[in-house]
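In: Could you look at this predicted model? Sequence included:
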Protein chains: 2
Amino acid sequence: MALNPLDLRQVSVFQHATDNDLKLIVQRGVERSIEEDEFFFFQGDPATYLYVLLSGRAKLLQINSTGQQVNLRTISEWQMFGALGAVREDATYPASAQALEPSTALAIKSEHLHELMQTRPYLSFGLMKLMTGYIQEMQERYRELATEKVERRIARTLLRLTAQMGVKAPDGSIELTFTRQDLAEMSGTTLFTASRVLSEWEKRGLIESGRERVVIRKPHGLVQVAEESGE
Amino acid sequence: MALNPLDLRQVSVFQHATDNDLKLIVQRGVERSIEEDEFFFFQGDPATYLYVLLSGRAKLLQINSTGQQVNLRTISEWQMFGALGAVREDATYPASAQALEPSTALAIKSEHLHELMQTRPYLSFGLMKLMTGYIQEMQERYRELATEKVERRIARTLLRLTAQMGVKAPDGSIELTFTRQDLAEMSGTTLFTASRVLSEWEKRGLIESGRERVVIRKPHGLVQVAEESGE
DNA sequence: CGAACAATTGATCCTCATCAAACCTTGTGG
DNA sequence: CCACAAGGTTTGATGAGGATCAATTGTTCG
């Protein structure tokens, strides 16, 4: 199935691109499809490409020397990823990108984008806006991790996910898809603790939980947990 | 004391600027001096200026709703700060900047930089490089906080500070200046724990500690603590 | 010298990680 | 269509790592 260049306008960085620029990008890009659990790229690889997710879902993660994972971000359709590597001094990816479902992405040569940016300020501004967003989110999450209790962190993670990719049902409840393990990695805790917290919330009627699935019944209740002063 | 425009070339973002650009920036900029513990700007303020620290030392910090602080970064001479606000959608500062000593900074109107960036790709690239650096550091610190024990985190914090602003003595030891409280906030712990860890290290001869001061006697020993597998 | 502030140290308690075991859910192959 | 395997989830028991609180001891500076 051919990609319509104009669809790329949904990518925030390309929001103000000319039709011609979009065509150029698609022409020189390559579509790449991978299976669930496979990787688009690994932490440390030379960042020759940056990607735009066309279908599926993926996550950005870091692994430390002892093999523990940390989820930095989930990526949904029309989001750009792997762009940081393109700008870095050593031009390597600072994290790995793994597909959560069978996924397809448009791969764009980093140098190509580099070239375009020389003459198109809107691209640079778009990228910078994206980056400031990342920075802000990371700062926020860092602060949370440093100063807040697990329950609140998990609540916030759910709310963030809701904003990023939640599917709203007509009755106002929101369904999210991920394993307890993923949730734990996104919140900086273990799957056991995550499970316990969710169980507790289910008892209180805030959510409904199933295998690889959480339905948020009372978003407002979660907000309360997230905001409530520690006491 | 007048600022020589060419000195601005020490600022990484301005590395490749033309002499004329530098002159322009200095001309339209304003020097601002503040006392110890005062603020250049507060989290949430409209980001009308960005700064280059000319003398002194400052820190970037975030405060959560319960008043707990988290140190994001220390700023030393010729480093740019407050630039993120300039690019953000809502154009507010995502963190506060407080002077650790009497400090002077060059204040540059955000819109002014914006204007320059329209026609000078080197500026955008410089800023992006700066941002990727931040992102990487925050990701790293986030991972540390999520997966590593206090002792290692403190060791890493010291090593980071060493790289950023340590003054090396002829005998290879390195002196750093900060309170236990600051160190704790930078490492995501409490001043008590930080104090204990430092005491322990002092016993082992790795460091020498005093009021608002730590001398690293055996940098290699710290590296070992930081790298050593948990067990 | 004394006040203010930084650091240390001890005692205690609580949150959460860890480990183990059992229980669900889903998909597959006989 | 059932049985079984594989992987996700729950729950309990336990303990360690740090946070917290309180009291004391430096250190600096007016």
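Out: Happy to help now that I have it.
In: Show the subsequent helix or strand relative to the lowest-mean-pLDDT helix or strand in chain A.
Out: Least confident element among the helices and strands of chain A, by mean pLDDT, DSSP states H and E: strand A:167-168 (a mean of 76). For strand A:167-168, the following helix or strand on the C-terminal side (DSSP states H and E) is strand A:174-176.
In: So which other helices or strands are in contact with that next one?
Out: helix A:150-165, strand A:167-168, strand A:213-216 (3 or more CB pairs under 8 Å, 6 or more residues apart in numbering or on different chains; DSSP states H and E). The way it works is simple: take the backbone N, C-alpha and C, and place the C-beta from them, glycine included.
In: quick one: strands adjacent to it?
Out: The strands that strand A:174-176 pairs with in its sheet are strand A:167-168 (antiparallel), strand A:213-216 (antiparallel) (by DSSP bridges).
In: Single out the most deeply packed of those strands.
Out: With neighbours defined as mean count of other CB atoms under 10 Å in any protein chain shown, the strands paired with strand A:174-176 peak in mean count at strand A:213-216, which reaches a mean of 18.
In: quick check: mean pLDDT across stretch A:170-182?
Out: What stretch A:170-182 shows for mean pLDDT is 90.
In: Please identify the buried residues of it?
Out: Neighbour-count burial for stretch A:170-182, counted by 16 or more other CB atoms under 10 Å in any protein chain shown, picks out A:S173, A:I174, A:L176, A:T177, A:F178, A:R180, A:D182.
In: Can you narrow these down to the ones near DNA strand D?
Out: A:R180 (CB under 7 Å from any atom of the strand).
In: Let me know the closest of the buried residues of stretch A:170-182 to chain B.
Out: For those, the closest approach to chain B (CB to the nearest CB) belongs to A:D182, at 13.6 Å.
In: residue nearest the centroid of chain A?
Out: By CA atoms, centre = their mean, the mean C-alpha position of chain A lies nearest to A:T74, the distance being 2.4 Å.
In: Against A:Y51, how distant is that one?
Out: Separation of A:T74 from A:Y51 (CB to CB, to the nearest Å): 14 Å.
In: Stretch A:103-112 near chain B anywhere?
Out: No. Judged by CB under 8 Å from any CB of the partner chain, stretch A:103-112 and chain B are separated, with a smallest distance of 12.4 Å.
In: ok now that stretch, how far from the chain's centre?
Out: On the basis of CA atoms, centre = their mean, to the nearest Å, stretch A:103-112 sits 17 Å off its chain's mean C-alpha point.
In: Over to stretch A:79-91?
Out: For stretch A:79-91, the distance to the chain centre is 15 Å (CA atoms, centre = their mean).
In: so how far does it reach from one end to the other?
Out: Distance across stretch A:79-91, first residue to last, is 20 Å (CA to CA, to the nearest Å).
In: So for that stretch, what gets flagged as buried?
Out: For stretch A:79-91, the neighbour count (16+ other CB under 10 Å) marks A:Q79, A:M80, A:F81, A:G82, A:A83, A:L84, A:G85, A:A86, A:V87, A:R88 as buried.
In: and those residues as JSON lines, adding pLDDT?
Out: As requested, the buried residues of stretch A:79-91 are arranged in JSON lines below (pLDDT from 0 to 100):
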{"residue": "A:Q79", "pLDDT": "95"}
{"residue": "A:M80", "pLDDT": "96"}
{"residue": "A:F81", "pLDDT": "96"}
{"residue": "A:G82", "pLDDT": "95"}
{"residue": "A:A83", "pLDDT": "93"}
{"residue": "A:L84", "pLDDT": "89"}
{"residue": "A:G85", "pLDDT": "81"}
{"residue": "A:A86", "pLDDT": "80"}
{"residue": "A:V87", "pLDDT": "84"}
{"residue": "A:R88", "pLDDT": "77"}
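In: With secondary structure and distance to chain B as extra columns, can I get the residues you listed in CSV?
Out: Compiled in CSV, the buried residues of stretch A:79-91 are given as follows (DSSP: H, G, I helix; E, B strand; the rest coil; distance: CB to the nearest CB, whole Å):
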residue, secondary structure, distance to chain B
A:Q79, coil, 16
A:M80, strand, 14
A:F81, strand, 13
A:G82, coil, 12
A:A83, helix, 9
A:L84, helix, 5
A:G85, helix, 8
A:A86, helix, 9
A:V87, helix, 5
A:R88, coil, 5
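In: how about the top helix by length along chain A against DNA strand D, any contact?
Out: Identified as the longest helix of chain A according to DSSP state H is helix A:121-147. No. Shown here: helix A:121-147 not in contact with DNA strand D (CB under 7 Å from any atom of the strand), separated by at least 8.4 Å.
In: buried sites along that helix?
Out: A:121-128, A:130-132, A:134-135, A:137-147.
In: Then stretch A:98-114?
Out: Using 16+ other CB under 10 Å as the test for burial, stretch A:98-114 gives A:98-100, A:103-110, A:112-113.
In: so how far does that stretch reach from one end to the other?
Out: End-to-end distance of stretch A:98-114 (CA to CA): 25 Å.
In: So which residues make contact with that stretch?
Out: Stretch A:98-114 is contacted from outside by A:3, A:8, A:25-26, A:28-40, A:47-59, A:61, A:74, A:83, A:85-86, A:91, A:123, A:178, A:182, using CB atoms under 8 Å, 6 or more residues apart in numbering or on different chains.
In: cutoff 6 Å now
Out: For stretch A:98-114, the external contacting residues (CB atoms under 6 Å, 6 or more residues apart in numbering or on different chains) are A:28-36, A:38-39, A:47-59, A:86.
In: Also stretch A:127-142?
Out: Contacts of stretch A:127-142 (CB under 6 Å, 6+ apart): A:V13, B:L84, B:V87, B:R88, B:P94, B:M131, B:Y134, B:I135, B:M138, B:Y142.
In: would you list those residues in a markdown table and tack on distance to B:L158?
Out: Shown next, in a markdown table, are these (distance: CB to CB, whole Å):
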| residue | distance to B:L158 |
| --- | --- |
| A:V13 | 38 |
| B:L84 | 26 |
| B:V87 | 31 |
| B:R88 | 32 |
| B:P94 | 26 |
| B:M131 | 25 |
| B:Y134 | 20 |
| B:I135 | 22 |
| B:M138 | 18 |
| B:Y142 | 18 |
